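Visitor: the amino acid sequence is not available; the structure is as follows:
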């Protein structure tokens with residue numbers, strides 16, 4: 001069977017399911033940037049390529065379960081988010097830390113930021129840099145479920161209902 005670049009996703013999937021495993025490359029080429037964009041919002045930069053490859057491996061292994069109830073792109077997006085969730089859960093399993101694990105400088109900043117006296121100094125650039133560090137620290141300590149929910153709402157602009 002000969003594939004053309006303009007074949008529909010369903011036609012390409014049929015080719016793959018009938019034994020033309022090389023046809024999967026067309027789907028990979030077509031959707032790699034989309035998957036990478038989804039993944040980059042959920043995993044550290046250094047892990048994007050690895051997680052994106054894992055997404056396509058899972059998609060290939062599950063291709064027979066694609067039921068064409070939604071677009072292939074949507075189905076692939078769901079796999080991407082679930083793969084990111086699994087990655088995050090694996091990376092951050094049992095990494096909870098208490099407030100006492102903050103450095104003295106971070107604790108001092110947090111106390112200052114929460115007091116009314118810090119209201120005016122909060123917007124200077126050094127304080128914003130410290131705020132970003134503490135926020136990143138806090139986000140990295142969230143459960144994978146909570147982290148994915150926040151990222152979908154604030155980075156992907158999804159509604160609570162969609163999430």
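Guide: Sure thing, it's come through. Every value quoted in this text rests on a predicted model; they were computed, and no experiment measured them. Residues are numbered from 1 along each chain as shown.
Visitor: list the helices and strands the longest helix along the chain packs on?
Guide: The longest helix of the chain (DSSP state H) is helix 72-92. Judged by 3 or more C-beta pairs under 8 Å, 6 or more residues apart in numbering; DSSP states H and E, helix 72-92 is in contact with helix 9-17, helix 24-40, helix 48-62, helix 144-154. C-betas here are computed from N, CA, C, even on glycine.
Visitor: which one of the ones you listed lies nearest to residue 70?
Guide: helix 9-17 (11.1 Å; C-beta to C-beta).
Visitor: can you spell out which helices and strands pack onto that closest one?
Guide: helix 24-40, helix 72-92.
Visitor: and those helices as a markdown table, adding mean neighbour count?
Guide: Converted to a markdown table, these look like this (neighbours: other C-beta atoms under 10 Å):
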| stretch | mean neighbour count |
| --- | --- |
| helix 24-40 | 17 |
| helix 72-92 | 17 |
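Visitor: nearest to residue 157, out of the ones you listed?
Guide: helix 24-40 (13.2 Å).
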